[in-house]
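Asker: how would this look folded up:
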Amino acid sequence: MDSKTILYLEEQSKQLYGCSDQKEKDKIRNDMFIRMEPYIDIWLKGNLNYRKLFIKDEERMSLCWDCFEFCLKYYHPERNIPLINHFYGYTRFFLLSWFVDKNKRENINDPNASTDDGKLDNCTIFYEQIDDLKQFRKMIPEDYKEIFDDAILSMAGRPVDKVPYRKSNAYSYYKYCESKKVFKIVIDFLLRR
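Answerer: This next block holds a predicted model:
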């Protein structure tokens, strides 16, 4: 994506968050999606290929929209995080959530699918770990969710230009760093259990 398009999208995101008219918001959001969809599609294809999964083009297009809405929901222009970095990182997080939900739906339809002689396969264990992370994130106070997200992204090897801390009345820099350190320990524990 060229720098001109990136600047345009970042300006559009600021307009989106400052707009109060729902029709105007929908128009801005749809324009952003049209410009970002090819890139989100490439990121999704890459992640799916890495996991040796194939989905139909129609389903992937629907997945692109869901992914875009997920990423947009958690994007905050005032944090000065580059839009593309945010969307790329959250695309991976979205797919992990999608895998968990898909696995749950498949297990509801076929309760014997996840067991083999009383043993869980690696894939099911992975989904359960991600589900544990989602459940833990829901339990923590709203102020700490962004610290938790930053901890996950930093463990996943986020880009160096991402800004991890912004001044807040809820916590100081020291408290932010200590909370992030604790979240990393919890995340590591949930993933290694």
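Asker: Every contact and neighbour count from this point should use C-alpha atoms.
Answerer: Noted.
Asker: so where do the strands sit in the chain?
Answerer: Taking DSSP state E to define them, one finds strands in the chain at 115-116, 119-120.
Asker: In terms of mean pLDDT, which of those ranks lowest?
Answerer: For the strands of the chain, mean pLDDT drops lowest on strand 119-120, to a mean of 42.
Asker: backbone phi and psi for Pro82, please?
Answerer: Backbone geometry at Pro82, expressed as degrees, to the nearest 10, gives phi -60, psi 130.
Asker: Could I get the contacting residues of Pro38?
Answerer: Contacts for Pro38 (Cα atoms under 8 Å, 6 or more residues apart in numbering) come out as none.
Asker: Could you report the separation of it from Tyr74?
Answerer: Distance of Pro38 to Tyr74, computed by Cα to Cα, to the nearest Å: 20 Å.
Asker: Ok, Glu24 next?
Answerer: In terms of Cα to Cα, Glu24 sits 20 Å off from Tyr74.
Asker: Leaving out chain neighbours, which residue sits closest to the residue nearest to the spatial centre of the chain?
Answerer: Nearest to the mean C-alpha position of the chain, counting by Cα atoms, centre = their mean, stands Tyr90 at 2.9 Å. The spatially closest residue to Tyr90, leaving aside those adjacent along the chain, is Cys71, at 5.7 Å (Cα to Cα, 6 or more residues apart in numbering).
Asker: That neighbour: neighbour count?
Answerer: Neighbours of Cys71 under the rule other Cα atoms under 10 Å: 19.
Asker: Quick check, it in contact with Phe87.
Answerer: Yes - counting by Cα atoms under 8 Å, Phe87 is a contact partner of Cys71 at 5.6 Å.
Asker: Give the buried residues for stretch 27-47.
Answerer: Residues of stretch 27-47 classed as buried by neighbour count (16 or more other Cα atoms under 10 Å): 28-29, 32-33, 36-37, 39-41, 43-45, 47.
Asker: ok, now stretch 65-85?
Answerer: For stretch 65-85, by 16+ other Cα under 10 Å, it's 65, 67-68, 70-72, 75, 77, 81-84.
Asker: Can you get me the start-to-end distance on that stretch?
Answerer: 18 Å.
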